[in-house]
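Engineer: structural data only, the sequence is not supplied:
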């Protein structure tokens, strides 16, 4: 995700360099999948158009990220708590 996020903020020259570096391989792969020249060109264009757009984040994404970051810390803190004094030990 980090790479896709950074691609959307590249300047046009950087994107062009990225296209020049990877377009032939992506086109060859797309051609193997589609077995159709025009279809593979459309797929190649779709890949780079999708990369050029900023990623779509769902509503409430900040809360989701914070919750995902806090959950393991909360679980870790539970295991660090001392046992209650009145609990029987086995």
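Structural biologist: Sure thing, it's come through. Model, not experiment: these values are computed from the prediction.

Engineer: buried ones in the longest helix along the chain?
Structural biologist: When the chain is parsed with DSSP state H, its longest helix is helix 12-34. Buried residues in helix 12-34, counting neighbours by 16 or more other C-beta atoms under 10 Å, are found at 19, 27, 30-31. Yep, even glycine has a C-beta here, placed from its N, CA and C like the rest.

Engineer: so the next helix-or-strand element following it versus helix 12-34, what angle?
Structural biologist: Per DSSP states H and E, the first helix or strand lying C-terminal to helix 12-34 is helix 37-52. On the basis of axes from the mean of the first three to the mean of the last three C-alpha atoms, to 10 degrees, helix 37-52 is oriented at 140 degrees to helix 12-34.

Engineer: low pLDDT regions in this structure?
Structural biologist: Within the chain, the stretches with pLDDT under 70 are 1-6, 8, 81-84, 87-90.

Engineer: same thing but at 80, please
Structural biologist: 1-10, 52-58, 74-90 (pLDDT under 80).

Engineer: related to what we said a few turns ago, helices or strands up against the longest helix of the chain?
Structural biologist: helix 37-52 (3 or more C-beta pairs under 8 Å, 6 or more residues apart in numbering; DSSP states H and E).

Engineer: which helices and strands sit right next to the helix it packs on?
Structural biologist: helix 2-7, helix 12-34.

Engineer: now these in a markdown table, with distance to residue 86?
Structural biologist: Formatted as a markdown table, the helices and strands packed on helix 37-52 follow (distance: least, C-beta to C-beta, whole Å):
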| stretch | distance to residue 86 |
| --- | --- |
| helix 2-7 | 49 |
| helix 12-34 | 63 |
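
Engineer: for residue 53, which of these is the nearest?
Structural biologist: For the helices and strands packed on helix 37-52, the distance to residue 53 is smallest for helix 2-7, at 9.3 Å, taking C-beta to C-beta.
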